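# Kindly generate the corresponding structure for this input.
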Amino acid sequence: MAEGLLGGILGAGEEKQDPEGTETRVGADAFAAAIVHGASVQDREVAKKTAIFLDHQSRLLETQREHLQDEHALRLSSLRGQRLAIYIRIAFQVFVALVATVIGIVFAVMLRDALTSHSVIVEAFEAPPALAARGVTGTVVAGSFLDELTRLRSATRTSAAAKRNLSSAWSNEVKVSVPDAGISLGELSRLLKARFGHDLRIGGDLVETRAGGLALTVRGDGVQARVFTGTVDDLDKLIISAAQYVYAQSQPVLWAIYLEGVGRLEEELAFIKSTYAAANPADRPYLLNSWANVTLITGGSGREVLKMYQSAIKLKPDYWVAYANVQHVLVALADEEGAWRAGEDLRRAGGGRPGAANERYFSSWDELTQNLLVRLNAEIADSDASGGIGTSHFSAGISMAQIEVYLHDPDAAELRLQTINQDENNPTVVTGTRFARALLAMEAGDAAVAATEMEIFGGLLVDPAVRDGYADGRCWIALAEEAAGRTDKADAMLENGGTFVNCYRFRGDILDGRGDWTGAQKAYADAVALAPDLPAAYYSWGVALARHGDLAGAEAKLKDANRRGPHWADPLKAWGDVLNKQGHVHEALVKYDEALKYAPNWAALKQARDAASKPSS
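Below you'll find the predicted structure:
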């Protein structure tokens with residue numbers, strides 16, 4: 001039974017029907033022939049009647065066979081119809097399931113968006129009809145208000161990651177809300193966000209006062225209503241003041257960062273002090289960090305600032321920016337070894353490198369270990385993500401130019417300086433440009449220009465807004481003054497330069513240049529003792545030993561420098577030079593090639609490698 005049904009569905013029935021019909025007919029004919037033959041032997045009459053009877057039976061069988069064939073065809077047709085109906089029913093069920101799945105996915109996405117929504121929704125303001133003739137409607141006021149909020153957010157120099165981590169609803173979206181007509185997916189999404197989301201809804205009204213002026217009132221979720229008054233001509237100012245008020249009340253952290261970015265430091269400090277105690281606990285680490293920033297920029301105690309940064313980390317152990325600021329202030333306090341250890345703390349807390357912490361937050365550690373290419377790439381990424389400005393207090397373009405000089409790539413540094421915004425009102429840009437120009441002159445061997453630029457740079461360091469970023473600046477000035485033959489100025493700078501590795505190692509270079517080799521070696525040893533985990537002192541000592549012909553001693557110091565700064569090209573080149581002098585050409589080429597990985601555009605390095613690769617005559 002099952003085989004017959006399956007055969008009908010699969011179309012195999014016709015193949016079985018024909019042999020059965022043929023077999024029946026053959027069997028009947030044989031039977032009739034046998035009967036006729038037997039009867040004919042006994043009686044002719046009987047044989048005739050029997051033959052007629054059998055002939056009728058044969059025709060009856062033939063008719064039955066034809067009927068069965070027709071019936072089989074009808075059955076096959078019926079089965080094909082049933083099969084088509086099954087296919088149609090299955091297709092419809094699949095279609096319904098797909099539609100239901102799509103609807104479910106859309107609803108799930110909308111619900112997820114609602115649950116994670118942290119937008120600022122600016123509702124249409126109420127406005128008097130009399131002002132419509134001037135083009136002032138509630139929607140226009142809301143749009144202008146939105147424009148100012150968007151400008152404030154864009155001008156806030158902080159990373160997108162920091163914005164997302166903040167507790168208040170601000171960072172994801174700022175938009176004007178205009179009610180939809182009827183029920184739509186947009187309306188459903190808005191209803192879900194209103195029920196399950198965390199949006200901040202801002203509204204207000206604009207009315208005419210009895211004196212003929214305007215009163216703009218703003219209010220919102222968690223934002224106390226406030227009225228701003230003025231004349232009709234002051235409407236734009238009223239909207240700006242109202243937007244700043246909402247920004248400060250709804251997102252105090254971003255408002256503090258904004259104030260710092262535009263140089264309103266006293267206002268920022270007063271705002272943080274008045275806000276901190278009542279702030280959301282999740283916002284306090286950020287406010288404390290900004291408090292420390294503005295205190296440092298305005299010349300406050302570095303020790304007190306360090307405590308603030310460390311307290312911010314205690315409140316938020318994954319606050320990577322605060323880790324970076326701890327490194328920065330320790331360098332400013334001349335504790336470079338401590339800054340190196342703080343960088344190691346960040347690496348461990350962030351799960352290594354790369355890890356949870358942005359690479360840019362290792363900038364001080366990278367500078368101390370001369371991890372220059374990594375530092376440059378981190379600055380470029382930060383600049384690209386912030387419209388070319390960078391999110392730190394110092395200009396990203398200036399920092400990149402200085403790093404490119406350290407990488408012995410003066411062409412790249414010069415192009416960088418020509419393409420950044422030379423804002424004469426920004427002390428970090430002015431000071432940083434002078435320092436970069438001085439470094440370029442030193443790289444080119446122009447001692448006079450370098451000393452002049454360094455002296456101008458030194459005069460700018462009195463500004464506390466830049467002083468912490470160039471804490472060892474006087475060390476560099478001393479080196480330039482000595483190269484220009486101004487020994488008295490060089491000594492004065494070193495005397496007041498502070499306990500920095502650069503001051504100690506540059507003193508060694510200066511004393512060696514004056515013929516005081518004993519004093520020079522003591523200075524190098526003091527530099528190593530000051531920060532034994534940093535590579536710079538070992539490098540300068542190794543180069544000096546090579547100058548004095550102690551190639552074995554030089555190789556040992558350069559190896560120490562490379563171990564502490566494995567991505568710094570300078571010790572590798574100097575090591576290659578020492579190996580080349582010892583006749584170890586192959587080993588020298590290996591060091592040169594390794595150095596080229598970290599300073600690919602260093603002309604002197606390429607020349608040294610080419611010279612070593614040529615066969616000796």
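
# Now stretch 251-269: buried residues?
251-261, 265, 268-269 (16 or more other C-beta atoms under 10 Å). No exception for glycine: its C-beta is placed from N, CA and C like everyone else's.

# Could you dump those residues into TSV with distance to Gly485, secondary structure and pLDDT added?
Converted to TSV, these look like this (distance: C-beta to C-beta, whole Å; DSSP: H, G, I helix; E, B strand; the rest coil; pLDDT from 0 to 100):
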residue	distance to Gly485	secondary structure	pLDDT
Gln251	56	coil	89
Pro252	55	helix	93
Val253	52	helix	93
Leu254	52	helix	92
Trp255	52	helix	95
Ala256	49	helix	94
Ile257	47	helix	92
Tyr258	48	helix	93
Leu259	47	helix	94
Glu260	42	helix	90
Gly261	43	helix	86
Leu265	41	helix	93
Glu268	46	helix	96
Leu269	45	helix	96
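
# Would you list the phi and psi of Thr217?
The phi/psi pair for Thr217 (degrees, to the nearest 10) reads phi -110, psi 130.

# cool, Thr298 as well?
As for Thr298, its main-chain torsions (degrees, to the nearest 10) stand at phi -90, psi 10.

# Return the residues in contact with the closest residue to it other than its chain neighbours.
Closest residue to Thr298 apart from its sequence neighbours, by C-beta to C-beta, 6 or more residues apart in numbering: Leu265 at 5.7 Å. By C-beta atoms under 8 Å, 6 or more residues apart in numbering, the contact list for Leu265 reads 259, 294, 297-298.

# Grab the longest helix from this protein for me.
helix 44-115 (DSSP state H).

# Summarise which helices and strands that helix is packed against.
helix 2-10, helix 13-42, helix 185-196 (3 or more C-beta pairs under 8 Å, 6 or more residues apart in numbering; DSSP states H and E).

# rewinding a little: how near is the residue nearest to Thr298 to Ala256?
Here Leu265 is placed at a distance of 10 Å from Ala256 (C-beta to C-beta, to the nearest Å).

# Could you do Gly204 as well?
Going from Gly204 to Ala256 by C-beta to C-beta gives 24 Å.

# Ala142 too?
Here the criterion is C-beta to C-beta. By it, Ala142 lies 26 Å from Ala256.

# same thing with Ala248?
Ala248 sits at a distance of 9 Å from Ala256 (criterion: C-beta to C-beta).

# Can you check which residues contact both of those two?
Residues touching both Ala248 and Ala256 by C-beta under 8 Å, 6+ apart: Phe271.

# Not counting residues beside it along the chain, what's closest to Asp491?
Distance criterion C-beta to C-beta, 6+ apart; nearest residue to Asp491, sequence neighbours excluded, is Ala478 at 7.7 Å.

# Run a quick check on the one you found versus Leu494, I expect a contact.
Yes. With contact defined as C-beta atoms under 8 Å, Ala478 reaches Leu494; the gap is 4.7 Å.

# if you count what's nearby, which of those two comes out ahead?
Between Ala478 and Leu494, counted using other C-beta atoms under 10 Å, the more crowded position is Ala478 (29 against 23).

# Now do the same contact list for Arg264.
Not one residue lies near Arg264 by C-beta under 8 Å, 6+ apart.

# mind running it again at 10 Å?
Contact partners of Arg264, counting by C-beta atoms under 10 Å, 6 or more residues apart in numbering, are 258, 270-271, 294.

# Can you flag the buried ones in those residues?
Buried by 16+ other C-beta under 10 Å: 258, 271, 294, out of these.

# Redo those as TSV? Include distance to Phe92.
As requested, those are exported to TSV (distance: C-beta to C-beta, whole Å):
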residue	distance to Phe92
Tyr258	59
Phe271	65
Val294	68
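
# which one of those residues is nearest Phe457?
Ranked by distance to Phe457 (C-beta to C-beta), the buried ones among the contacts of Arg264 are led by Val294 at 24.2 Å.

# Please identify which helix or strand holds that closest one.
Secondary structure assignment for Val294, by DSSP states H and E: helix 284-297.

# Just the helices from the stretch 451-600 of the chain, written as ranges.
Ranges of helices in the stretch 451-600 of the chain, per DSSP state H, counting those that start in this stretch, are 464-467, 473-483, 487-495, 501-513, 517-530, 536-547, 551-564, 569-581, 585-598.

# and those as JSON lines, adding mean pLDDT and distance to Thr452?
Below are the helices of the stretch 451-600 of the chain laid out as JSON lines (pLDDT from 0 to 100; distance: least, C-beta to C-beta, whole Å):
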{"stretch": "helix 464-467", "mean pLDDT": "90", "distance to Thr452": "19"}
{"stretch": "helix 473-483", "mean pLDDT": "98", "distance to Thr452": "9"}
{"stretch": "helix 487-495", "mean pLDDT": "97", "distance to Thr452": "12"}
{"stretch": "helix 501-513", "mean pLDDT": "98", "distance to Thr452": "19"}
{"stretch": "helix 517-530", "mean pLDDT": "98", "distance to Thr452": "26"}
{"stretch": "helix 536-547", "mean pLDDT": "98", "distance to Thr452": "25"}
{"stretch": "helix 551-564", "mean pLDDT": "98", "distance to Thr452": "31"}
{"stretch": "helix 569-581", "mean pLDDT": "98", "distance to Thr452": "25"}
{"stretch": "helix 585-598", "mean pLDDT": "98", "distance to Thr452": "31"}
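
# Now do stretch 467-478: distance to the chain's middle.
Centroid separation for stretch 467-478 versus its chain: 32 Å, with C-alpha atoms, centre = their mean, to the nearest Å.

# Endpoints of it, how far apart?
17 Å (C-alpha to C-alpha, to the nearest Å).

# Show me the chain divided up by domain.
The record's domain parsing of the chain by automatic domain parsing lists 2-111, 119-178+192-250, 394-498, 503-611.

# Pick out the shakiest of those, pLDDT-wise.
For the domains of the chain, the bottom mean pLDDT is recorded on domain 2-111, which sits at a mean of 66.

# Could I have the CA atoms of stretch 413-426 written out in CSV?
Extracted as CSV, the C-alpha positions of stretch 413-426 are listed here (Å, rounded to 0.1, in the frame of the first residue of the first chain):
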residue,chain,number,x,y,z
ALA,A,413,57.8,67.0,10.8
GLU,A,414,58.1,70.1,8.6
LEU,A,415,55.0,69.2,6.7
ARG,A,416,53.2,68.6,9.9
LEU,A,417,54.1,72.0,11.2
GLN,A,418,52.9,73.7,8.0
THR,A,419,49.5,72.0,8.0
ILE,A,420,48.4,72.4,11.6
ASN,A,421,46.3,75.4,12.8
GLN,A,422,48.9,77.9,14.2
ASP,A,423,46.6,79.4,16.8
GLU,A,424,48.5,82.3,18.3
ASN,A,425,46.1,82.4,21.2
ASN,A,426,46.8,78.8,22.2
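
# which residues does the nearest residue to Gly473 once chain neighbours are set aside contact?
Excluding its sequence neighbours, the residue lying closest to Gly473 (C-beta to C-beta, 6+ apart) is Leu461, at 5.4 Å. Leu461 makes contact with 431, 435, 467-471, 473-474, 477, according to C-beta under 10 Å, 6+ apart.

# Show me the common contact partners of Leu265 and Ala256, please.
With C-beta under 10 Å, 6+ apart applied, the overlap between the contact sets of Leu265 and Ala256 consists of 293-294.

# returning to that earlier point: format the contacts of Leu265 as JSON lines; extra columns: distance to Ala357.
Shown next, in JSON lines, are those (distance: C-beta to C-beta, whole Å):
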{"residue": "Leu259", "distance to Ala357": "26"}
{"residue": "Val294", "distance to Ala357": "23"}
{"residue": "Ile297", "distance to Ala357": "23"}
{"residue": "Thr298", "distance to Ala357": "28"}
